[in-house]
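# Predicted model, plus sequence, below.
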Amino acid sequence: MTAVEVNSQRIAFALCMSLPFHVVLSVVNDLADIEVDRGDPRKAGRPLVSGRISPRTALGVVVSAVVLGFLADPVLLGLDAYRFLALFISFAATAAYNVAGKRTAVPPFMDFLQGVGAAGFAYYGALVAGDPTSRSALLAISVVVFITFINGVHAGLRDLSSDYSYGARTTPILFGARPTGADAPHIPRGLVGYAWALQILLSVITLGPFLATFVKGALSWTTAIVAAAFGIASFASLFLSLNSRADMGRRYVFAGVQLLTGFGTVALCAGGRSGDLAAVAVFLLVLLPLTARRLKRRMGAGYRRLAHG
């Protein structure tokens with residue numbers, strides 16, 4: 001078996017391990033926030049929230065996923081302390097955020113903790129695929145900043161109404177964000193400044209190396225143009241998503257674009273000098289299901305209007 005075949009198999013294994021990680025990420029979150037989500041019309045129809053799946057069953061799924069993940073790694077790849085530590089950090093930090101993320105006095109730290117969980121799993125993937133490099137560490141750092149930013153700002157504003165009604169503690173609420181009777185919530189300047197600080201930090205980490213390489217003349221024009229496009233789009237969509245005059249529908253769209261372009265800069269960082277292809281591929285892979293889901297919702301709403309008309 002060639003080295004390429006071995007590496008491909010290990011990459012496939014790392015992708016399979018994302019399933020138990022996703023269970024910890026999503027199911028534990030639904031278990032912890034079940035009462036909050038019942039007050040959110042967007043989430044009230046979820047199987048766990050609606051009662052179609054019992055909390056006991058969901059907990060059994062979580063335990064099974066964790067046991068499977070921690071057994072599969074040493075059995076199939078052999079014992080390795082660094083892989084075990086990265087996997088433990090990713091699962092433990094993610095679970096800690098899900099359980100206590102909206103119940104502490106320091107929600108930005110909990111957003112950071114969720115970022116650590118995601119970064120831990122990304123670094124675990126690098127350990128599985130081969131020897132991590134300095135770029136692997138840079139990627140992990142950029143993932144921490146990206147998740148801290150997206151979860152603390154955009155996700156917090158998305159869930160602001162239900163979180164505020166329930167008395168949850170999130171980063172937007174900490175900064176003074178409040179739902180209003182109008183379509184747009186009150187977004188304080190402190191939260192806007194916090195968002196811009198994280199956006200600038202993310203751009204320095206992900207796009208800074210490309211700028212340095214371009215100045216030296218060692219970067220292709222294609223990669224430079226893609227990097228510049230993602231960077232400009234990230235800043236522009238952030239401005240538009242936090243524009244207090246925009247309605248919630250437009251705000252969600254711009255927040256989605258900001259998420260996609262921000263994640264694109266992380267993919268650029270991971271791909272290095274060939275990061276333009278990685279960034280565009282990631283952008284499209286995330287964009288297509290989001291677009292399909294949005295179209296499905298619009299079609300469903302249209303059918304309902306026709307049925308009642």
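Perfect, thanks for sending it.
# mind pulling up the phi and psi values for Arg178?
When read as degrees, to the nearest 10, the backbone of Arg178 gives phi -140, psi 140.
# Quick check: bridge partners of it?
Arg178 forms beta bridges with His186, as assigned by DSSP bridges.
# how close does it sit to Glu35?
For Arg178, the distance to Glu35 equals 21 Å [C-beta to C-beta, to the nearest Å]. C-beta here means a position set from N, CA and C on the backbone, and glycine is covered the same way.
# what's in contact with the host helix or strand of Leu138?
In the assignment (DSSP states H and E), Leu138 maps to helix 134-149. Applying C-beta atoms under 8 Å, 6 or more residues apart in numbering, the contact partners of helix 134-149 are 108, 111-112, 114-116, 118-120, 122-123, 126, 195, 198-199, 201-202, 205-206, 209, 262-263, 265-266, 269-270, 272.
# Figure out how far the next helix or strand after that helix is from the centre of its chain.
Scanning forward in sequence from helix 134-149 by DSSP H and E, the next helix or strand is helix 156-158. Centroid separation between helix 156-158 and its chain, computed with C-alpha atoms, centre = their mean, to the nearest Å, is 13 Å.
# Also stretch 124-140?
With C-alpha atoms, centre = their mean as the basis, stretch 124-140 stands 19 Å off its chain's centre.
# that older thread, just the buried residues from the contacts of helix 134-149, in ChimeraX please.
A single ChimeraX command is used to select the members of the contacts of helix 134-149 judged buried by 16 or more other C-beta atoms under 10 Å:
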select :108,111,112,114,115,116,118,119,120,122,123,126,195,198,199,201,202,205,206,209,262,263,265,266,269,270,272
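# so the helix or strand harbouring Leu201 versus helix 134-149, what angle?
Using DSSP H and E, Leu201 falls within helix 189-215. Helix 189-215 and helix 134-149 are oriented at 160 degrees to each other (axes from the mean of the first three to the mean of the last three C-alpha atoms, to 10 degrees).
# For Ile11, which non-adjacent residue is spatially closest?
With sequence-adjacent residues excluded and distances taken as C-beta to C-beta, 6 or more residues apart in numbering, Ile11 is closest to Ala129, at 5.2 Å.
# and if you look at Asp111?
Excluding the flanking residues, the one nearest Asp111 by C-beta to C-beta, 6+ apart is Gly152, at 3.8 Å.
# ok, His22 - contacts?
By C-beta under 8 Å, 6+ apart, His22 has no neighbours at all.
# Give me the three-state assignment for it.
Secondary structure for His22, judged by DSSP: H, G, I helix; E, B strand; the rest coil, is helix.
# Quick check: it vs Leu71, distance?
Taken as C-beta to C-beta, the span from His22 to Leu71 is 17 Å.
# And for Leu259?
34 Å.
# Can you give me the buried ones in the helix or strand hosting Arg10?
For Arg10, the host element (DSSP H and E) is helix 3-32. For helix 3-32, the neighbour count (16+ other C-beta under 10 Å) marks 10, 13-14, 17, 20-21, 23-25, 27-32 as buried.
# following that helix, which helix or strand shows up next?
helix 34-37.
# count of neighbours near Met248?
Around Met248 there are 14 other residues, counting by other C-beta atoms under 10 Å.
# pretty sure it contacts Thr180?
No: counting by C-beta atoms under 8 Å, Met248 does not reach Thr180; the two are 10.9 Å apart.
# list residues touching both of those two?
Residues touching both Met248 and Thr180 by C-beta under 8 Å, 6+ apart: none at all.
# What mean pLDDT does stretch 224-231 get?
Stretch 224-231 comes out with an average pLDDT of 82.
# ignore the last one, stretch 122-130
The model assigns stretch 122-130 a mean pLDDT of 89.
# can you list contacts of that stretch?
7, 10-11, 13-14, 17, 77, 80, 82-83, 86-87, 90, 132-133, 136-137, 139-140, 143.
# Mind doing that once more with 7 Å?
The contact list for stretch 122-130 (C-beta atoms under 7 Å, 6 or more residues apart in numbering) reads 7, 10-11, 13-14, 77, 82-83, 86-87, 90, 132, 136, 139-140, 143.
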